[in-house]
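>>> Below are the sequence and a predicted model; questions follow.
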Amino acid sequence: MASTSDHSFEPLKNDLLLRTARGQKVERPPCWVMRQAGRYLPEYHKAKGTKDFFECCRSPEIASEITLQPIDRFEGLIDAAIIFSDILVIPQAMGMEVIMLDGRGPHFPDPLMTPEDAQYREVMEREVDVKESLDYVYKAITMTRHKLKGRVPLYGFCGAPFTLMCYMVEGGGSKIFKQTKTWIFKYPSESKKLLQKIAELCVEYLALQVVAGAQIVQVFDSWAGELSPSSFREVSLPYLTYICDHLPARLKELKQEVVPMVVFAKGAWYALDELCQTKYDVVGLDWLHEPKEAYAVAQKYGKVLQGNADPGVLYGGHAAITKVVEEMVEGFGGGKQGWIANLGHGITPFVNPDDLKFYFQEIHRLSGT
Ligand SMILES: Cc1c2[nH]c(c1CCC(=O)O)Cc1[nH]c(c(CCC(=O)O)c1C)Cc1[nH]c(c(CCC(=O)O)c1C)Cc1[nH]c(c(C)c1CCC(=O)O)C2
């Protein structure tokens, strides 16, 4: 039985991704994909059974089992694991109810309507203890590290303050972001107080994931693309920056190694220069970026990129996959420095896992390994 209290782990046998994230020259580009443990995998459905999604997240046994599924299936082709969890555990820790509706995504029965709401005051005033309330995530991370036996490094993650705020005010996904836009434009100061509170919780949450065994961390700003460049600068970037500015110091305080940090602001193509000027080691890209152009920008700042094929190419068969991988390998400088191969967003349901396998194989083949 893998322990959740023993923090002495087997040494890492494949540190390719961590070396790449630190900017070193490497023999080939490391690869993994966002949402690699998920609905496209038959073994995911088997492990989940009829259990509720968050119930799986709260069980270290199930969460670690699901985390390892893509590692086992794509053995030798994949260079990182990402802990099976969700960005919405932070709003839950802040006292909000979140349920996952099968096939329809997350739902908050009682979202934050206006700053006058009792719920906003409660959320702002509540002392949130991310150590205690998210203990199950740390346990899942520790158990996963034991089960990985050093095969590949493990990503921890959190949602970006802006994306989490979107969910907290919309009550779920959205097309027109009515509530989000009302909040940021009508109630800017209350929005910023909420964003700052979330940012502080993110720092502590990521730090504790590292204590538990996460070896690299990623911040997901999935809704950044809903903002104009100027709004992004006001309601997203400062809080993304707060996280990368404060996490290293907090890790040192906790006597932890400072791990590489990744930021993924989906849709914020206009902010690539600004993101490259933050303290994040790696900037994640969606498929709106031309690899070659983004690589030239990142090289200027000595940043590493992660991404970025359209996940939809995995529905398109082998020839389409080969073409997109060729463009990436060439655009990202041949893949010997500064590039972690991934998709431009999470892998989507109904992808045939063998097509993802082919994607990984093509990355290996076309980057010369
Ligand atoms: C926005 C967001 C969420 N969650 C997450 C984000 C940021 C990344 C992104 O933009 O995709 C992050 C996330 N969610 C999940 C992971 C696990 C690790 C991984 O394999 O990448 C990660 C990193 C599992 C999950 N999170 C969810 C599932 C599917 C649950 C199920 O139906 O079984 C999984 C495996 C559910 C979820 N969770 C969320 C949504 C919108 C949904 C429903 C849509 C969907 O299923 O893709 C919120």
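Yes, it's here. Numbering: from 1, shown residues only.
>>> Same question for the top helix by length along the chain: list its buried residues.
In the chain, taking DSSP state H as the definition, the longest helix is helix 188-212. By 16 or more other Cβ atoms under 10 Å, the buried positions in helix 188-212 come out as 190-192, 194-195, 197-212. Glycine gets a C-beta too; all of them are placed from N, C-alpha and C.
>>> need the helices for the stretch 151-300 of the chain, in chain order.
Ranges of helices in the stretch 151-300 of the chain, per DSSP state H, counting those that start in this stretch, are 161-170, 178-186, 188-212, 229-235, 237-253, 272-276, 291-301.
>>> any idea which of those is most buried?
Most buried of these by mean neighbour count (mean count of other Cβ atoms under 10 Å) is helix 161-170; its value is a mean of 26.
>>> I'd like the distance between residue 93 and residue 199.
14 Å (Cβ to Cβ, to the nearest Å).
>>> same thing with residue 178?
With Cβ to Cβ as the criterion, residue 178 and residue 199 are 24 Å apart.
>>> May I see the helices of the stretch 151-300 of the chain arranged in TSV, with mean pLDDT as well?
Listed next are these as TSV, based on pLDDT from 0 to 100:
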stretch	mean pLDDT
helix 161-170	98
helix 178-186	98
helix 188-212	98
helix 229-235	98
helix 237-253	98
helix 272-276	98
helix 291-301	98
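>>> Relative to the ligand, which of the ones you listed is closest?
Closest to the ligand of the helices of the stretch 151-300 of the chain is helix 161-170 (Cβ to the nearest ligand atom; 6.3 Å).
>>> could you say what helices and strands the closest one packs with?
helix 89-93, helix 178-186, helix 188-212, strand 216-221, helix 237-253 (3 or more Cβ pairs under 8 Å, 6 or more residues apart in numbering; DSSP states H and E).
>>> what do you get if the cut-off is 7 Å, keeping everything else the same?
For helix 161-170, the packing partners by 3 or more Cβ pairs under 7 Å, 6 or more residues apart in numbering; DSSP states H and E come out as helix 89-93, helix 178-186, helix 188-212, strand 216-221.
>>> Tell me the gap between that helix and the middle of its chain.
16 Å (Cα atoms, centre = their mean, to the nearest Å).
>>> Stretch 343-358 now?
Distance, centroid of stretch 343-358 to centroid of chain: 16 Å (Cα atoms, centre = their mean).
>>> in that stretch, what's buried?
Quick answer for stretch 343-358 (16+ other Cβ under 10 Å): 343, 344, 345, 346, 347, 351, 353, 355, 356, 358.
>>> Can you tell me which of the residues you listed is nearest residue 98?
Nearest to residue 98 among the buried residues of stretch 343-358: residue 346, at 18.3 Å, using Cβ to Cβ.
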